[in-house]
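K.L.:
Next come a sequence and a model predicted from it.
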Amino acid sequence: MDISIASLQGLSYSYLEVGNLALDGIDLEVQRGDWIALLGGNGSGKSTLAKHFNALLTPMQGACFICGMDSRDDKNLWEIRKTVSMVFQNPENQIVSTVVEDDTAFGPENLGLPTEEIRARVDRALKIAGLWDKAEVASYTLSGGQKQRLAIAGAIAMDTPCIVLDEPTAMLDPQGRKEVMDLLKSLHDKGTTIIHITHRLEEIENATKVVVLKKGKLVWRGTPKELFLRQELESWGLELPPMVAMWRELAKMGTIGQDVPPETERLVQALCQSL
Amino acid sequence: MSISIKNLTHIYHRGTPLEVAALSDVSLEIPGGSWTSIVGHTGSGKSTLAQHMNALLLPDMGEVVVDDLSVSSKKDLREIRRKVGLVFQYPEQQLFAETVKDELSFGPKNWGMTDNLDDLSEKVLDQVGLDRTYLDRSPFKLSGGEKRRVAIASVLAVSPSYLVLDEPTAGLDASGRGYLLKLLNKINNSGTAVVMVTHDLEIALDMSDRIIALQLGKVAHSGSPRDTVLYMSSNPVPGLLLPSIADLWVKLSKYGMEIPFSCDPSTMAKNIDEKRRGTKK
């Protein structure tokens, strides 16, 4: 099986005929099993880039290949959307049916699958998303976290090897955020390729690759741990998790050794040991 | 001067099978000029409480008194609604005019102010960090952060004594959030009380004089940020996570490292560092 999920080559995009590029010469390789954290502040171009992965937008310059298929070629559209599914920031914009299981079935029904296959996919998706007991419930009664998990269940039911999520936790409370992050982790463990757009650095610990966008350009790539040590975070519109920010200052002042990780238990140990 | 709430009960869908008490027997006090944050899980009643503060909702039982005006007196409602400005979570639900200028002068016109409306619009726009080029733009074509700021400006235009905001930071990125909090801090320093409804305990702990935690329509706890952290470390409130730094502070004190409370990373690092140096001496 081909290992490449997406290959972006010098991809540029602009919403205007002339003028500012929303994306400017992006090169990025996404491989099967990756968890890409796509970071950047408001207006960095991360949502525009997200929409290229399933050909909602196509490059004006450069190219975007999904499993080797050129996204500018209309006859690839159907196959590309069977490869990559999208989850948006606001689940309300994505839920189409009034009953939970009907909503999950919407995608597979559009693929024209046999009824038994649809049933099997919906059951599996709802179980993975932790909504099995809500199958027959009205979707408007779900909490924010549950609604976002329903949107993700819709993507799971499409059985695509890759899911792109555009700030899926932005409108959720801490409980809802945790539910969604736990679900992403379990999907990744099952082999799904994850492209996760966020500006919350708390959410990138499981990422295999981190890329940072600023004003349409890809300005940095590396691992989560490498990112925490970068000085440019603020100018990228990103904010360190408070614990990491404090840890960095303590290390700078020499209060703790560089070898102590930014974790509560280890910090307490290190700080109280020599009292 | 204060918003004083006594034994407030609010019931939605009264007399139907869907009847639910969103607030039951809530009593609290919001002192003038203070910064109070109301925190709680989704469904804890915090938005309902916010809407009682400017008489958008009226009590089923109990009383809400703003300064010396009671919501039970019909003739006082108008003045209460001027004194207490409410900013909704989704600015789209609040904004309606074709231009920012019309948006900002709508409130003052309703209160019978007709003089110098243009100057006033410009002044409140400046207060939220937007310049006069915004006056002729459509409020619906602004970014999320700008929409919030216009919504706040439109409330400031009638000079409220209390500014109540429902989840003002939801959906904003780090820089948008930082900007908004700085702005609210400035408004608070000029004497206007800020009441912030939020599920973000970290922001609440960092910014407030007092925190009120709601749970299932009742006040679970109210007190200073420090007291709130101490309370919540032994009595978890569902849906509210103690921020990592507050959690660290609690654990350090358990192991005998007593330092002043702060939720700000660099203040906390400084406090820890000073304590360590002090002990070594």
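P.N.:
That came through, no problem.
K.L.:
The stretch 101-250 of chain B against chain A: which residues are in contact?
P.N.:
Counting by C-beta under 8 Å from any C-beta of the partner chain, the residues of the stretch 101-250 of chain B close to chain A are B:143-145, B:170-171, B:173-176, B:178, B:199, B:202, B:239-241, B:243-245, B:247-248. Just so you know, the C-beta spots here come from the backbone N, C-alpha and C atoms, and that holds for glycine as well.
K.L.:
what do you get if the cut-off is 7 Å, keeping everything else the same?
P.N.:
With C-beta under 7 Å from any C-beta of the partner chain as the criterion, the stretch 101-250 of chain B meets chain A at residues B:143, B:170-171, B:173-176, B:199, B:202, B:239, B:241, B:243-245, B:247-248.
K.L.:
List the contacts of residue A:194.
P.N.:
By C-beta atoms under 7 Å, 6 or more residues apart in numbering or on different chains, residue A:194 lies in contact with A:35-36, A:163, A:184, A:187-188.
K.L.:
actually residue B:147, not the one I wrote
P.N.:
B:91, B:95, B:139.
K.L.:
try 10 Å this time
P.N.:
When contacts are counted by C-beta atoms under 10 Å, 6 or more residues apart in numbering or on different chains, residue B:147 touches B:90-92, B:94-95, B:139-141.
K.L.:
Just give me the neighbour total for residue A:273.
P.N.:
8 (other C-beta atoms under 10 Å in any protein chain shown).
K.L.:
measure it to chain B for me?
P.N.:
Distance, residue A:273 to chain B, using C-beta to the nearest C-beta, to the nearest Å: 9 Å.
K.L.:
wait, isn't that residue in contact with residue B:255?
P.N.:
Yes - with contact defined as C-beta atoms under 10 Å, residue A:273 counts as touching residue B:255 (9.3 Å).
K.L.:
wait, residue B:80 sits on residue B:66?
P.N.:
Yes - judged on C-beta under 10 Å, residue B:80 makes contact with residue B:66 at a distance of 4.9 Å.
K.L.:
which residues are common contacts for the two?
P.N.:
Common neighbours of residue B:80 and residue B:66 (criterion: C-beta under 10 Å, 6+ apart): B:3, B:53-55, B:162.
K.L.:
Those into TSV, with extra columns for distance to residue A:167?
P.N.:
Below are the shared contacts of residue B:80 and residue B:66 laid out as TSV (distance: C-beta to C-beta, whole Å):
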residue	distance to residue A:167
B:3	35
B:53	31
B:54	32
B:55	36
B:162	32
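K.L.:
Which among those residues count as buried?
P.N.:
Neighbour counting by 16 or more other C-beta atoms under 10 Å in any protein chain shown classes B:3, B:53-55, B:162 among those as buried.
K.L.:
Helices - which of the shared contacts of residue B:80 and residue B:66 land there?
P.N.:
residue B:53 (DSSP state H).
K.L.:
Of the shared contacts of residue B:80 and residue B:66, which pair is most distant in space?
P.N.:
B:55 and B:162 (12.0 Å; C-beta to C-beta).
K.L.:
joint contacts of the two?
P.N.:
Joint contacts of residue B:55 and residue B:162 (C-beta under 10 Å, 6+ apart) are B:66, B:80, B:84, B:86.
K.L.:
List the contacts of residue 128.
P.N.:
All of this is about chain A. Counting by C-beta under 10 Å, 6+ apart, residue A:128 has contacts A:149, A:152-153, A:156-157, A:183, A:186-187, A:190, A:192.
K.L.:
actually chain B
P.N.:
Here residue B:128 is in contact with B:134, B:146, B:148-154, B:156, B:179-180, B:183-184, B:186-187 (C-beta under 10 Å, 6+ apart).
K.L.:
nearest to residue B:49, of the contacts of residue A:194?
P.N.:
residue A:184 (33.7 Å).
K.L.:
so that closest one sits right up against residue A:152, yeah?
P.N.:
Yes - using C-beta under 10 Å, residue A:184 is in contact with residue A:152, at 8.0 Å.
K.L.:
if I look at the two, which residues touch both of them?
P.N.:
With C-beta under 10 Å, 6+ apart as the test, residue A:184 and residue A:152 both reach A:87, A:163, A:165, A:168.
K.L.:
Compare those and tell me which is most surrounded.
P.N.:
Going by other C-beta under 10 Å, residue A:168 tops the shared contacts of residue A:184 and residue A:152 with 28 neighbours.
K.L.:
Can you list phi and psi of it for me?
P.N.:
Main-chain torsions, residue A:168, degrees, to the nearest 10: phi -70, psi -10.
K.L.:
for the one helix or strand in chain B whose mean pLDDT sits lowest, which positions count as buried?
P.N.:
Counting by mean pLDDT, DSSP states H and E, the weakest-scoring helix or strand in chain B turns out to be helix B:265-280, with a mean of 86. The neighbour-count check on helix B:265-280 (16+ other C-beta under 10 Å) flags B:265, B:267-273, B:275-276 as buried.
K.L.:
Tabulate the CA atom coordinates of that helix in PDB.
P.N.:
What follows is helix B:265-280, C-alpha atoms only, in PDB (Å, rounded to 0.1, in the frame of the first residue of the first chain):
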ATOM      1  CA  PRO B 265       3.400  31.500  34.900                       C
ATOM      2  CA  SER B 266       6.200  34.000  35.400                       C
ATOM      3  CA  THR B 267       4.900  35.400  38.700                       C
ATOM      4  CA  MET B 268       4.700  31.800  39.900                       C
ATOM      5  CA  ALA B 269       8.200  31.000  38.700                       C
ATOM      6  CA  LYS B 270       9.500  34.100  40.500                       C
ATOM      7  CA  ASN B 271       7.700  33.100  43.700                       C
ATOM      8  CA  ILE B 272       9.100  29.600  43.600                       C
ATOM      9  CA  ASP B 273      12.600  30.900  42.900                       C
ATOM     10  CA  GLU B 274      12.400  33.400  45.800                       C
ATOM     11  CA  LYS B 275      11.200  30.800  48.200                       C
ATOM     12  CA  ARG B 276      14.100  28.500  47.200                       C
ATOM     13  CA  ARG B 277      16.700  31.200  47.700                       C
ATOM     14  CA  GLY B 278      15.100  32.200  51.000                       C
ATOM     15  CA  THR B 279      15.200  28.600  52.300                       C
ATOM     16  CA  LYS B 280      18.800  28.100  51.300                       C
END
